[in-house]
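Peer 1: no sequence on this one, just coordinates:
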């Protein structure tokens, strides 16, 4: 009986080794492309052209994200909580506008790095940080976490843990060792 199990175990290990060798690089590439697409599309939507920020996105960040009506319990509120308005030139207004531009840059740059597979773990770590910030500061509720934030986080965590895979500049430039 033990010989049958040992034979099965050996065959099973050979099969899983084969699957790892052929499917893992494709799965890691797919993860990079899927998560990059979400953030890249969001980032590109913040621009009116090359280095021309869409000023309408300031309103999105100021009022939808950081001063919503109604106020989301637990969300970061940068405006006056009583009037739901910003004082002209206030720190809250400056911070919301700065975060809008920063998000526009980061949501384009980091996905491009993921697509290329260049500095992939750091790009994934940056996008995970952004995901967590969105989850805890902008939409701090379980409904948003389960869909879509948990999916983004799971893909990004896997990329941080396993790296970009075979089909990446990181691997081809020797920045990532073969696993």
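Peer 2: Arrived safely, thanks for sending. This one's a predicted model, so the numbers in the text were calculated from it and none came from an experiment. Numbering: from 1, shown residues only.

Peer 1: from here on, contacts and neighbour counts on C-alpha atoms
Peer 2: Noted.

Peer 1: which residues in this protein form helices?
Peer 2: Taking DSSP state H, the helices of the chain run over residues 2-44, 56-59, 91-116, 120-133, 142-144, 150-162, 169-172.

Peer 1: between these, which one is nearest to residue 66?
Peer 2: helix 91-116 (7.1 Å; C-alpha to C-alpha).

Peer 1: which of the residues in that closest one are buried?
Peer 2: 92-94, 96-97, 100-101, 103-116 (16 or more other C-alpha atoms under 10 Å).

Peer 1: before we move on, what about stretch 156-171?
Peer 2: So stretch 156-171, judged by 16+ other C-alpha under 10 Å, has buried residues 156-160, 163-166, 168-171.

Peer 1: Go through the helices of the chain and name the closest to residue 75.
Peer 2: Smallest distance to residue 75 across those (C-alpha to C-alpha): 10.3 Å, for helix 120-133.

Peer 1: Quick check: mean pLDDT of that closest one?
Peer 2: Helix 120-133 shows a mean pLDDT of 97.

Peer 1: Now do the contacts for the residue nearest to the spatial centre of the chain.
Peer 2: The residue lying closest to the centre of the chain (C-alpha atoms, centre = their mean) is residue 127, at 3.4 Å. With contact taken as C-alpha atoms under 8 Å, 6 or more residues apart in numbering, residue 127 is in contact with 107, 110, 156.

Peer 1: and if you look at residue 137?
Peer 2: Residues near residue 137 by C-alpha under 8 Å, 6+ apart: 74, 75, 76.

Peer 1: Can I get the residues you listed in JSON lines including distance to residue 44 and pLDDT?
Peer 2: What follows is the contacts of residue 137, written out as JSON lines (distance: C-alpha to C-alpha, whole Å; pLDDT from 0 to 100):
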{"residue": "74", "distance to residue 44": "28", "pLDDT": "90"}
{"residue": "75", "distance to residue 44": "25", "pLDDT": "91"}
{"residue": "76", "distance to residue 44": "24", "pLDDT": "92"}
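
Peer 1: returning to what we had before: and the residue nearest to the centre of the chain, how close does it get to residue 36?
Peer 2: Applying C-alpha to C-alpha, to the nearest Å, the value for residue 127 to residue 36 is 9 Å.

Peer 1: Find the residues that touch each one of the two.
Peer 2: Shared contacts of residue 127 and residue 36 (C-alpha under 8 Å, 6+ apart): residue 110.
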